[in-house]
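In: One predicted model, sequence on top.
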Amino acid sequence: MIVTEVFQDIEPIPQDDGPHPVCAIDYPEKFVEAIDYLRALIQIDEHSERALQLTALCLRYNPANYTTWWYRRRCLSALALSKGGKSTSTNDGNADGNVNDGGNGNDNNSGNGNDNGSGSGIYYDFKRIMEDLELASAIGGSNPKNYQIWYHRRSLLELSFEKLEQQEQQQLESKSESESESEPKFDGKQLARNELKYIAGVLQEDSKNYHAWSHRQWILKTINDDELWSNEMKYTTQLIDEDVRNNSAWNQRWLTTHRGKNKPLSIYDARSEADYAIEITTLDPYNESPLRYLVALLREQQNQNNNHSSSEEQQAEQGGGETIFLSFLNHVEEKIGGLHESLIGVYESSSLMAAYIDLMEMKHDLDSFEKASVMANDLGVKFDIVRKKYWLMREAKLKSKVLELRG
């Protein structure tokens, strides 16, 4: 794209750094030329194919300039609404042409957040959405932690997923076959699958990429599809198999088992997940991730048990008069206790001992409190002296509970 030829009818607007800039940035000449014309287009509020192409050029020079991304979305929306690709103008922002080349947050064209696809009159053509996702992927390859790129992807997908909701609603209302066939079939779930695949590729390069995980969780919770949740469980298992210390994968597994909601697991699902965590712990008993996951499962069930102490399900007796929850604790104690004993005299695991103390405390009986207090002392004076004060504080609290139960 030869900028000066395409925009012969436009007077570029140079960046105004004042008469005596303190630290003038030496931008590449081609970038200065492109951004000067972009500044002029924003000022006149032009949304055309050439404006869209110019934003792509500017983003390749500087993908962190959020004003450029915002303006690109305005162009995409205007072109989709015009249906013929002709230039149109919309007034959902405060564009005044003051684009800062660096994209460092000092520009005045944030658009007031009116491009989030929620009641703002924004609309994107599906074909252009796919093309722009490809553009974002190409630019994002060398910028995997660029927030602007991830937000752009989400903004495009929000409207696509809204369309999926509308289609599902239409199916529920039993639209006639002729009406259904008059509109092109939109597969929003396939779009979600494609996006999850793209994110998996990003996470393959950096398993700790917060933006990627956040985007992935948003997709799963937004679509909320049984098949996607099921596939996500397999995905977390795969990641944990590859690296049992991948705490991001454990966090994602928690979200997935709970389907992105705060509703506790059933005691049976919790037991299944606990067995999985214990199985992974046996591979590396010094790994804190599965043990914290295990303790979180136990605490959730403990809270559930306390909140429904009179319910038949929680109080259903098993052999020996145990409640279901107590039976669950004993089951875990047997597995964790056996693993702990196998390490005594070899090289004790402070992570395993910490989880064991939490488990003993939940049992809330005299023997468990006594055992936990001894282990807390061992951690404080032998195995985890960095946190000595913490463990001795835990020991003191556990001993006070022992005295309380002894009366």
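Out: Yes, it's here.
In: C-alpha only now, for contacts and for neighbours.
Out: Will do.
In: Got the phi and psi for residue 364?
Out: phi 60, psi 50 (degrees, to the nearest 10).
In: count of residues packed around it?
Out: 13 (other CA atoms under 10 Å).
In: Next one: it, what pLDDT does it get?
Out: The score at residue 364 is 92. That number is its pLDDT.
In: got a list of what it touches?
Out: Residues near residue 364 by CA atoms under 8 Å, 6 or more residues apart in numbering: none.
In: Show me the strands in the stretch 101-250 of the chain, by range?
Out: Assigned by DSSP state E, counting those that start in this stretch, the stretch 101-250 of the chain shows no strands.
In: quick one: residue 257 and residue 150, what's the gap?
Out: 25 Å (CA to CA, to the nearest Å).
In: now swap in residue 295 and tell me
Out: For residue 295, the distance to residue 150 - CA to CA - is 33 Å.
In: So, low pLDDT: which residues of the stretch 1-150 of the chain?
Out: 83-122 (pLDDT under 70).
In: So which residues of it form helices?
Out: Taking DSSP state H, counting those that start in this stretch, the helices of the stretch 1-150 of the chain run over residues 3-6, 29-44, 49-61, 66-82, 126-140, 147-172.
In: Pick the most deeply packed of these.
Out: helix 66-82 (a mean of 23; mean count of other CA atoms under 10 Å).
In: For that helix, name the packing helices and strands.
Out: helix 49-61, helix 147-172 (3 or more CA pairs under 8 Å, 6 or more residues apart in numbering; DSSP states H and E).
In: check contacts around residue 381.
Out: Per CA under 8 Å, 6+ apart, neighbours of residue 381: residue 388.
In: Next, give phi and psi for residue 294.
Out: Dihedral angles for residue 294 - degrees, to the nearest 10 - are phi -60, psi -50.
In: What helix or strand is the nearest residue in space to it that is not next to it in sequence located in?
Out: Distances taken as CA to CA, 6 or more residues apart in numbering put residue 274 closest to residue 294, at 5.6 Å, once the chain neighbours are dropped. Taking DSSP states H and E as the criterion, residue 274 maps to helix 267-283.
In: The residue nearest to the spatial centre of the chain: what's it in contact with?
Out: The geometric centre of the chain, computed from its C-alpha atoms, lies nearest to residue 214 (CA atoms, centre = their mean), at 1.7 Å. If a contact means CA under 8 Å, 6+ apart, then residue 214 has no contacts.
In: try residue 278
Out: Residue 278 neighbours (CA under 8 Å, 6+ apart): 290, 291, 294, 335, 336.
In: So of those residues, which two are at opposite extremes in space?
Out: 290 and 335 (13.7 Å; CA to CA).
In: Those two - which one has more neighbours?
Out: The neighbour comparison of residue 290 against residue 335 (other CA under 10 Å) goes to residue 290, with 29 against 14.
In: right, and that one touches residue 273 too?
Out: No. Using CA atoms under 8 Å, residue 290 makes no contact with residue 273, being 10.1 Å away.
In: what do these two both touch?
Out: Contacts common to residue 290 and residue 273, judged by CA under 8 Å, 6+ apart, are absent.
In: The host helix or strand of residue 340 vs helix 267-283, what angle?
Out: Here residue 340, judged by DSSP H and E, is contained in helix 324-343. Following axes from the mean of the first three to the mean of the last three CA atoms, to 10 degrees, one obtains 0 degrees for the angle between helix 324-343 and helix 267-283.
In: what's downstream of helix 324-343, the next helix or strand?
Out: Heading C-terminal from helix 324-343 (DSSP H and E), you reach helix 350-363.
In: still on that earlier bit, any idea which of the helices of the stretch 1-150 of the chain gets closest to residue 189?
Out: helix 147-172 (7.9 Å).
In: Convert the helix or strand hosting residue 404 to PDB, retaining C-alpha atoms only.
Out: Using DSSP H and E, residue 404 sits within helix 388-406. Provided in PDB are the C-alpha atoms of helix 388-406 (Å, rounded to 0.1, in the frame of the first residue of the first chain):
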ATOM      1  CA  LYS A 388       8.900 -21.300  60.900                       C
ATOM      2  CA  LYS A 389       6.700 -18.700  62.500                       C
ATOM      3  CA  TYR A 390       3.700 -19.700  60.500                       C
ATOM      4  CA  TRP A 391       4.000 -23.400  61.400                       C
ATOM      5  CA  LEU A 392       4.600 -22.700  65.100                       C
ATOM      6  CA  MET A 393       1.500 -20.600  65.000                       C
ATOM      7  CA  ARG A 394      -0.500 -23.400  63.400                       C
ATOM      8  CA  GLU A 395       1.000 -25.800  66.100                       C
ATOM      9  CA  ALA A 396      -0.200 -23.500  68.900                       C
ATOM     10  CA  LYS A 397      -3.700 -23.400  67.500                       C
ATOM     11  CA  LEU A 398      -3.900 -27.100  67.000                       C
ATOM     12  CA  LYS A 399      -2.700 -27.700  70.600                       C
ATOM     13  CA  SER A 400      -5.400 -25.300  71.900                       C
ATOM     14  CA  LYS A 401      -8.000 -27.500  70.100                       C
ATOM     15  CA  VAL A 402      -6.500 -30.600  71.700                       C
ATOM     16  CA  LEU A 403      -6.900 -29.000  75.200                       C
ATOM     17  CA  GLU A 404     -10.400 -27.900  74.300                       C
ATOM     18  CA  LEU A 405     -11.400 -31.400  73.400                       C
ATOM     19  CA  ARG A 406      -9.800 -32.900  76.400                       C
END
